[in-house]
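# Quick one, what's the 3D model for this:
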Amino acid sequence: MLALLTTLGLIVVGCFSTIKLARGLNQNVTLVSGSDIYDYFDTLQMYGDAGPPGYVVFNNVDYQNQTNLEQMELIDAELAALNNTILSPIYSWVTPFKNFLSDGE
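Got it, this is the predicted structure:
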């Protein structure tokens, strides 16, 4: 009977302790202090609420077609307007590419 109560007590204590314990291991524990990847993870831990970078990928696009480039610029402008979910700056290569094409003509 004592063994059963002890077992149940340990299970209850174990369940409650999992709520309080942080899961996972900090990446910087295994890295060399001052290395580039250490600094990256340190910055990521400080500013982690920003989230990962996002990419928009287009398939089968004719990049010499001005209509397609204008549509891509419009998508960039609409993404930049989402201030609540997307942090600026928004980096895009579409406008410099359009300028490059127009300079070559």
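
# alpha carbons only for contacts and neighbour counts from here, please
Noted.

# quick one: low-confidence ranges for this protein?
Under the criterion pLDDT under 70, the flagged ranges of the chain are 20-28, 48-52, 87-88, 104-105.

# According to the record, where do the domains of it fall?
Taking automatic domain parsing as the reference, the chain has its domains at 26-53, 56-105.

# Rebuild those as CSV, extending it with mean neighbour count.
What follows is these, written out as CSV (neighbours: other C-alpha atoms under 10 Å):
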stretch, mean neighbour count
domain 26-53, 12
domain 56-105, 12
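
# Residue 10: which of the ones you listed is closest?
Closest approach to residue 10 among those is made by domain 26-53 (27.5 Å; C-alpha to C-alpha).

# Residue 5 and residue 67: what is the separation?
74 Å (C-alpha to C-alpha, to the nearest Å).

# Past the one helix or strand residue 4 maps to, which element shows up next along the chain?
Taking DSSP states H and E as the criterion, residue 4 maps to helix 2-20. Using DSSP H and E, the helix or strand that follows helix 2-20 in sequence is helix 36-46.
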